[in-house]
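Asks: Predicted model and sequence below, questions to follow.
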Amino acid sequence: MSAGLPPTGAADQSGELGESEDPTPADRARAAEALHQAFTRLSPQGSDSWNFLAAFTHLGDRYGPYHPGASALSDALAADHAEGRRTGPLDRLRPRRDRGGRPAEGEKTDLEEAMGHVVEAFRFLSARVETLEERLAAQDRPVDGAAWLVPARALGPLAGPVASYVSARTPGGVVVHADCGEGDLLRALSERGTEAHGVEPRGAVALRALEQGCSVTIAEASEHLSSRTDGSAGGVVLSGVVDRLPLHALLQLLAESRRVLQRAAPLVVITEPLASVDGRDAPARDLLEGRPLHEATWELLLQRAGFVDVAPLPEAAGGDRRVALSAVAPS
């Protein structure tokens, strides 16, 4: 019988496979290709799950309750015992023995007991990681590029009051505005001597701001803030983006904003009134997950994110119906 691939012929009456010629090179190539396709489709090799399972399975085989004593340490302890040597504190790692010198039936060493718990802990950890991965995979994903469906919303008359408020309270450094639109607030801040940088996901809108001399990054607010170092911003203004993100993304956005803000630096949130939701275009209303939040809800979220002095922005009062809230990073 060849040691190559099993023959494809039928089994004989004794249940053994019949004699067969060695597989041809073409058969070997076809079998190898089938295995390659299977591993490519399943792709377990080299993955985190593959390596993790292999690691603690190996640990359990060597030290765990399934093969107790099958380790180099256990072998060394047994050899020392056979030679009559004592190792002091290591004696507690040896299995208890009867008067005849044989390991007592059913007795486990402290090493075996401890490693058994370690192996089981790894198995529970693996189950928890698998559960979390399944939950993440099942989460809803926003439609890519949905921000392009929302018409540009300029700050207009709010740009001046917000710029005055932020410029008077910034400890220095760049003030980040997202979504900056065509740069109304950026220009108002620059006129007051405050360095400003905008973040805008809509390329055509950002281009108009860039053409007017504004510093703008074409990206989502969360993407830009996550790339900034801690305490690198002298202020953050959020508008537009806060009305189209789901709640869990807003929480992360506030956390990132607090991380990049310097101590005592201001944060301003400008959001649409609830009544304006029905005024959106139908595609944007259906495809975007976010909805404007109540003012009291924003106050709660800002406080829970660690901001202080949360209050409506008095300078923003006027004909614009949008809600403007101010807050400060703790000093």
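Replies: Alright, I've got the coordinates.
Asks: which stretches of the stretch 201-331 of the chain aren't confidently modelled?
Replies: 275-291, 315-319 (pLDDT under 70).
Asks: Which residue comes closest to Ala255 once chain neighbours are left out?
Replies: Nearest residue to Ala255, sequence neighbours excluded (C-beta to C-beta, 6 or more residues apart in numbering): Ala305, at 6.1 Å. C-betas here are computed from N, CA, C, even on glycine.
Asks: List the contacts of the one you found.
Replies: Counting by C-beta atoms under 8 Å, 6 or more residues apart in numbering, Ala305 touches 251, 254-255, 257-258.
Asks: and what of Ala329?
Replies: Per C-beta under 8 Å, 6+ apart, neighbours of Ala329: 258, 261-267, 306-308.
Asks: swap the cut-off to 7 Å and go again
Replies: 258, 261-265, 267, 307 (C-beta atoms under 7 Å, 6 or more residues apart in numbering).
Asks: So among those, which ones count as buried?
Replies: 258, 261-262, 265, 267, 307 (16 or more other C-beta atoms under 10 Å).
Asks: Now flag whichever of these is closest to Ser167.
Replies: When these are compared for distance to Ser167 (C-beta to C-beta), Ala265 wins out at 12.0 Å.
Asks: In helices, which of the buried ones among the contacts of Ala329 appear?
Replies: Arg258 (DSSP state H).
Asks: Dump the buried ones among the contacts of Ala329 into a markdown table; add distance to Thr217 as well.
Replies: What follows is the buried ones among the contacts of Ala329, written out as a markdown table (distance: C-beta to C-beta, whole Å):
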| residue | distance to Thr217 |
| --- | --- |
| Arg258 | 20 |
| Leu261 | 18 |
| Gln262 | 20 |
| Ala265 | 19 |
| Leu267 | 19 |
| Phe307 | 24 |
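Asks: could you point out where the stretch 51-200 of the chain is predicted with low confidence?
Replies: In the stretch 51-200 of the chain, residues with pLDDT under 70: 51-113, 115-116, 139-152.
Asks: shouldn't Arg321 be in contact with Leu274?
Replies: No - using C-beta atoms under 7 Å, Arg321 is not in contact with Leu274; the gap is 10.3 Å.
Asks: These two: who's more crowded?
Replies: Comparing Arg321 with Leu274 by other C-beta atoms under 10 Å, the one with more neighbours is Leu274, at 13 against 9.
Asks: Contact partners for that one?
Replies: Applying C-beta under 7 Å, 6+ apart, we find Leu274 in contact with 292, 294.
Asks: same check, this time on Gly173
Replies: 232-234, 262.
Asks: Run a quick neighbour tally on Ile234.
Replies: That one is not Ile; residue 234 is Gly. By other C-beta under 10 Å, 24 other residues sit near Gly234.
Asks: Give me the phi and psi for the closest residue to it other than its chain neighbours.
Replies: Nearest residue to Gly234 in three dimensions, chain neighbours excluded: Gly173, at 3.3 Å (C-beta to C-beta, 6+ apart). Backbone torsions of Gly173, given as degrees, to the nearest 10, read phi 100, psi 170.
Asks: Give me the distance between Gly173 and Leu35.
Replies: Note on Gly173: its distance to Leu35, by C-beta to C-beta, to the nearest Å, is 58 Å.
Asks: do the same with Glu223
Replies: 41 Å.
Asks: Between these two, point out the one with more neighbours.
Replies: Set Glu223 next to Leu35 and count neighbours by other C-beta under 10 Å: Glu223 wins out with 13 against 10.
Asks: Mind telling me what element that one is part of?
Replies: helix 221-227 (DSSP states H and E).
Asks: again with Ala34
Replies: Taking DSSP H and E as the definition, one finds Ala34 inside helix 25-42.
Asks: I'd like the average pLDDT over that helix.
Replies: For helix 25-42, mean pLDDT is 74.
Asks: Run through the neighbouring helices and strands of that helix.
Replies: On a contact count with 3 or more C-beta pairs under 7 Å, 6 or more residues apart in numbering; DSSP states H and E, helix 25-42 meets no helix or strand.
Asks: send the alpha carbons of that helix over as CSV?
Replies: Only the C-alpha atoms of helix 25-42 are listed here, as CSV (Å, rounded to 0.1, in the frame of the first residue of the first chain):
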residue,chain,number,x,y,z
PRO,A,25,0.8,14.0,-10.8
ALA,A,26,-2.5,15.4,-12.1
ASP,A,27,-4.5,13.8,-9.2
ARG,A,28,-2.0,15.1,-6.7
ALA,A,29,-2.2,18.6,-8.1
ARG,A,30,-6.0,18.4,-8.1
ALA,A,31,-6.1,17.3,-4.5
ALA,A,32,-3.6,20.0,-3.4
GLU,A,33,-5.7,22.6,-5.2
ALA,A,34,-8.8,21.4,-3.4
LEU,A,35,-7.1,21.6,0.0
HIS,A,36,-5.8,25.1,-0.9
GLN,A,37,-9.2,26.3,-1.9
ALA,A,38,-10.7,24.9,1.4
PHE,A,39,-8.1,26.6,3.6
THR,A,40,-8.4,29.8,1.6
ARG,A,41,-12.2,29.8,2.1
LEU,A,42,-12.1,28.9,5.8
